[in-house]
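Enquirer: coordinates only, sequence not included:
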């Protein structure tokens with residue numbers, strides 16, 4: 001049965017519910033980020049999630065926190081008394097509704113498995129990652145707790161909140177000590193349970209059972225993550241710099257498709273250059289077209305299909321694999337098409353389209369999203385690592401050796417303090433159009449080196465102590481895969497977000513590293529060929545003694 005367009009009163013109620021959800025979501029998003037923060041030292045413990053409770057207790061027991069807790073208790077007691085006296089317990093029943101089961105919703109079975117499926121992707125990623133060799137802890141209890149909280153969601157929806165707090169804390173370990181994590185993909189994934197939790201709160205307060213408002217809000221949040229980058233590209237005139245083929249060369253310089261000969265990659269890049277404008281138009285079609293995601297039923301389906309094609313294309317060009325988003329999109333499609341659900345969802349009316357456009361465009365107010373806009377250049381800086389063992393033998397240590405920190409090595413501020421200015425960022429990109437145009441016009445290595453010297457006087461070297469500490473500790477704890485991870489993690493391990501080759505170091509069992517040499521390689525595309533114009537040593541890091549670790 002096809003849904004009838006909502007009445008004016010129904011549209012107003014729907015819009016009010018959406019606005020209430022988005023406002024509450026902003027507060028909940030910030031609160032959960034704060035509640036899920038842990039000090040860096042906590043991750044050195046065998047179990048770290050217990051630090052969340054002790055941290056909250058210390059905050060509450062401090063001077064200001066104690067008075068705040070007392071005031072909250074007094075206000076709750078007063079509200080409960082007034083509720084019983086004047087509202088005959090209506091407020092108490094609303095609070096009790098927060099702890100109700102899935103049966104309180106329309107079509108609870110399908111929505112439950114949709115929510116459990118999407119949160120399951122996050123649970124998988126944050127319970128089956130490789131051992132964190134920086135602290136050399138398996139953190140088995142913390143992984144199991146994440147899985148337990150995820151399973152609890154299938155029992156009671158309210159468990160999305162403790163699950164998200166625990167998941168945020170688990171992901172936080174990868175900020176330590178380099179201060180960087182590729183958060184775009186996981187950040188959106190962890191916003192899903194927050195948004196559903198907000199929907200559950202609003203449902204309890206309003207008594208509405210319709211699930212369409214949650215699907216509407218999730219589509220707006222999903223679209224906002226694309227729109228932020230699409231709008232950013234429009235603002236800087238990204239389309240007038242048609243050199244996206246250079247991104248493939250920058251990724252290749254960092255290890256993507258490293259098993260191919262340079263001549264092969266150069267041919268692919270030149271072929272991509274001939275279709276650069278269509279590729280860029282397709283990117284804008286997906287990212288900017290997201291603002292019309294809820295125009296029609298078919299527009300939602302087509303967007304999800306095009307977004308998947310877009311991510312596969314990005315993977316082919318860069319090795320960055322948004323498999324989590326593609327899984328979530330597939331689950332949304334499965335939910336929508338089960339039992340012809342789009343025909344019953346009242347989220348495609350023209351008046352609601354206007355609401356969705358406003359919500360997506362206003363995302364900085366309720367869901368700030370990263371603007372993935374840059375200009376591609378022919379110049380790439382990359383780090384190479386070489387481990388030396390006790391016998392003096394050398395071992396190549398690719399970015400994959402540092403998993404799950406490989407993203408920070410390739411995409412983040414490595415902090416290796418190169419002896420020259422760096423003109424571009426990770427994978428050869430820059431945020432400055434004038435610099436991108438200037439580099440594109442260069443045809444000799446001398447021109448690049450001269451440009452570095454001009455900028456060298458304004459260079460500020462980043463602190464390298466954290467980088468040395470990370471590399472030294474990680475190499476000290478390094479061992480072969482069989483000794484590193486238990487069988488269950490080797491079987492159920494999650495796919496990588498960033499693919500660089502070789503995927504892992506060929507470190508033999510029993511080998512122990514004593515020092516690590518770090519080199520910086522500068523690669524420049526001369527217009528017809530890719531050339532390494534410089535390879536210089538930047539650091540030699542002594543390997544620290546292995547830390548005490550839990551059972552291996």
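Expert: Looks like it arrived, so ask away. Model, not experiment: these values are computed from the prediction.
Enquirer: Point out where the chain drops to low pLDDT.
Expert: Confidence mapping of the chain against pLDDT under 70 gives the ranges 1-8, 56-94, 339-344, 413-417, 456-463, 545-552.
Enquirer: Could you rerun that using 50?
Expert: Within the chain, the set of residues satisfying pLDDT under 50 comprises 1, 83, 458-460, 549-552.
Enquirer: Can you name every helix or strand that the lengthiest helix in it contacts?
Expert: For the chain, the helix that runs over the most residues, judged by DSSP state H, is helix 8-35. Where contact means 3 or more CB pairs under 8 Å, 6 or more residues apart in numbering; DSSP states H and E, helix 8-35 is packed against helix 160-172, helix 184-206, helix 212-235, helix 350-361, helix 363-366. All C-beta atoms are positioned from the backbone trio N, CA, C, and that covers glycine.
Enquirer: swap the cut-off to 6 Å and go again
Expert: helix 160-172, helix 184-206, helix 212-235, helix 363-366 (3 or more CB pairs under 6 Å, 6 or more residues apart in numbering; DSSP states H and E).
Enquirer: looking at the sheet around residue 536, what are its partners?
Expert: On the basis of DSSP bridges, residue 536 is bridged to residue 520.
Enquirer: Could I get the buried residue list for stretch 272-287?
Expert: Applying a neighbour-count criterion of 16 or more other CB atoms under 10 Å, the buried positions in stretch 272-287 are 272-273, 276, 279-280, 283-284, 286-287.
Enquirer: Leaving out sequence neighbours, find the closest residue to residue 312.
Expert: If the residues on either side of it in the chain are set aside, residue 312 comes closest to residue 326, at 7.9 Å by CB to CB, 6 or more residues apart in numbering.
Enquirer: Neighbours of the one you found, how many?
Expert: Using other CB atoms under 10 Å, residue 326 is surrounded by 19 other residues.
Enquirer: What of the one 4 residues further on?
Expert: Summarising burial for residue 330: neighbours were counted as other CB under 10 Å, giving 13.
Enquirer: Next, give phi and psi for it.
Expert: Note on residue 330: backbone dihedrals following degrees, to the nearest 10 are phi -60, psi -40.
Enquirer: now swap in residue 510 and tell me
Expert: According to degrees, to the nearest 10, the main-chain angles of residue 510 amount to phi 90, psi -10.
Enquirer: that older thread, which one of the buried residues of stretch 272-287 is nearest to residue 397?
Expert: For the buried residues of stretch 272-287, the closest approach to residue 397 (CB to CB) belongs to residue 272, at 30.2 Å.
Enquirer: Buried residues of the helix or strand hosting the closest one, list them for me.
Expert: Under DSSP states H and E, the secondary-structure element containing residue 272 is helix 262-274. For helix 262-274, the neighbour count (16+ other CB under 10 Å) marks 262, 265-266, 268-269, 272-273 as buried.
Enquirer: can you tell me how far residue 308 sits from residue 407?
Expert: Counting by CB to CB, to the nearest Å, the gap between residue 308 and residue 407 amounts to 22 Å.
Enquirer: higher neighbour count, those two?
Expert: Ranked by neighbour count (other CB under 10 Å), residue 308 and residue 407 place residue 407 first, with 24 against 18.
Enquirer: element containing that one?
Expert: Under DSSP H and E, the secondary-structure element containing residue 407 is helix 406-411.
Enquirer: Am I right that residue 229 is in contact with residue 290?
Expert: No: using CB atoms under 6 Å, residue 229 is not in contact with residue 290; the gap is 9.5 Å.
Enquirer: could you pull out the strands for this protein?
Expert: Listed in chain order, the strands of the chain (DSSP state E) span 375-376, 379-389, 394-396, 429-430, 513-525, 530-542.
Enquirer: can the buried residues of helix 262-274 go into a markdown table with extra columns for distance to residue 345?
Expert: Conversion of the buried residues of helix 262-274 to a markdown table gives the following (distance: CB to CB, whole Å):
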| residue | distance to residue 345 |
| --- | --- |
| 262 | 51 |
| 265 | 46 |
| 266 | 49 |
| 268 | 42 |
| 269 | 44 |
| 272 | 39 |
| 273 | 43 |
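Enquirer: With respect to residue 423, which of those residues is nearest?
Expert: Each of the buried residues of helix 262-274 was scored against residue 423 by CB to CB, and residue 269 proved nearest at 19.8 Å.
Enquirer: Could you find the closest non-adjacent residue to residue 189?
Expert: Per CB to CB, 6+ apart, closest to residue 189 is residue 122, 4.8 Å.
Enquirer: Just give the number of residues close to that neighbour.
Expert: 23.
Enquirer: That one and residue 188 touch, don't they?
Expert: No: with contacts counted by CB under 6 Å, residue 122 stays clear of residue 188, the gap being 10.0 Å.
Enquirer: Okay, angle between the helix holding residue 272 and strand 530-542 too, please.
Expert: With axes from the mean of the first three to the mean of the last three CA atoms, to 10 degrees applied, the angle from helix 262-274 to strand 530-542 works out at 120 degrees.
Enquirer: tell me what helix 262-274 is packed against?
Expert: If contacts are counted by 3+ CB pairs under 6 Å, 6+ apart, helix 262-274 sits against helix 245-253.
Enquirer: other SSEs contacting the helix it packs on?
Expert: helix 262-274, helix 297-318, strand 379-389.
Enquirer: Now find how far off-centre it is within its chain.
Expert: 22 Å (CA atoms, centre = their mean, to the nearest Å).
Enquirer: for stretch 309-324, same thing?
Expert: Going by CA atoms, centre = their mean, the spacing between the C-alpha centre of stretch 309-324 and its chain's C-alpha centre is 14 Å.
Enquirer: residues of that stretch that come out buried?
Expert: With the criterion 16+ other CB under 10 Å, stretch 309-324 contains buried residues 310-311, 314-315, 317-324.
Enquirer: Could you do stretch 200-215 as well?
Expert: So, applying 16+ other CB under 10 Å, buried residues of stretch 200-215: 200-205, 208, 210-215.
Enquirer: Dump the helices and strands packed on helix 8-35 to TSV, plus distance to residue 398.
Expert: Supplementary listing: the helices and strands packed on helix 8-35 in TSV, determined by distance: least, CB to CB, whole Å:
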stretch	distance to residue 398
helix 160-172	23
helix 184-206	21
helix 212-235	29
helix 363-366	37
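Enquirer: Minimum distance to residue 354: which of the ones you listed has it?
Expert: Checking those against residue 354 by CB to CB gives helix 212-235 as the closest, at 12.3 Å.
Enquirer: tell me the angle of that closest one relative to helix 8-35?
Expert: Helix 212-235 and helix 8-35 are oriented at 70 degrees to each other (the same axes, to 10 degrees).
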